[in-house]
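In: Can you look at this prediction? I've put the sequence above it.
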Amino acid sequence: MSSDRIPMSKEGYEKLKAQLDQMKNEDMSRIAEQIAQARGYGDLSENAEFDAAVEAQGMLQARINDLQDKLSRAYLVDKSTMPTDRVVFGSRVRVLDVDEGDEEDFTLVGPGEEDYDNNHILLTSPIGQGLVGKKVGDEVEVPIPRGTLKLKIVEIGVG
């Protein structure tokens, strides 16, 4: 786990906090009940229900730990005070795909707000990292699985 600060909007922070509360208060209780019930089936050495419930508990605990880590490193960003002369967290960026010739808008968001269907991409994603700090007119090359994406920044606004 890294100590890097994670920018988040208040909405993103609240969404992750609600997920964490549900995992800790509802999901963990449900799995604990499944473990108790499976214990009642007798011999634990050949008890698939018990093994599955313990594995599910471990995976849920890992997700809880990850969320707690993200929330502990969060700092809330007020989008209304964001600069619009360069790309930062919360920016809405219009880019031109240099090779394809079409334009696309991306909004750079923090954990809990990503919505790839609506081009709300994580600041930490390859495209997000490629755009951060750039200005209108800058061109960036972003390595993607199928090659390199060449993007030119056309406009920067507030998401």
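Out: Structure's in. What do you need?
In: Now the helix ranked longest in the chain: buried residues?
Out: Selection of the longest helix in the chain by residue count, based on DSSP state H, yields helix 48-72. Judged by neighbour count (16 or more other C-beta atoms under 10 Å), helix 48-72 contains these buried residues: F50, A53, V54, Q57, L60, I64, L67, K70, L71. Quick note: C-beta positions are derived from backbone N, CA and C, even for glycine.
In: Between the residues you listed, which sits nearest N118?
Out: K70 (21.3 Å; C-beta to C-beta).
In: Now for that closest one: which residues touch it?
Out: I6, L16, P111 (C-beta atoms under 8 Å, 6 or more residues apart in numbering).
In: tell me the secondary structure for Y41?
Out: coil (DSSP: H, G, I helix; E, B strand; the rest coil).
In: Distance check, it against N47.
Out: Plainly put, Y41 is 6 Å away from N47 if you go by C-beta to C-beta, to the nearest Å.
In: Quick one: the helices in this protein, in order.
Out: Under the criterion DSSP H, the chain carries helices at the ranges 10-22, 28-39, 48-72, 126-131.
In: Thank you, goodbye.
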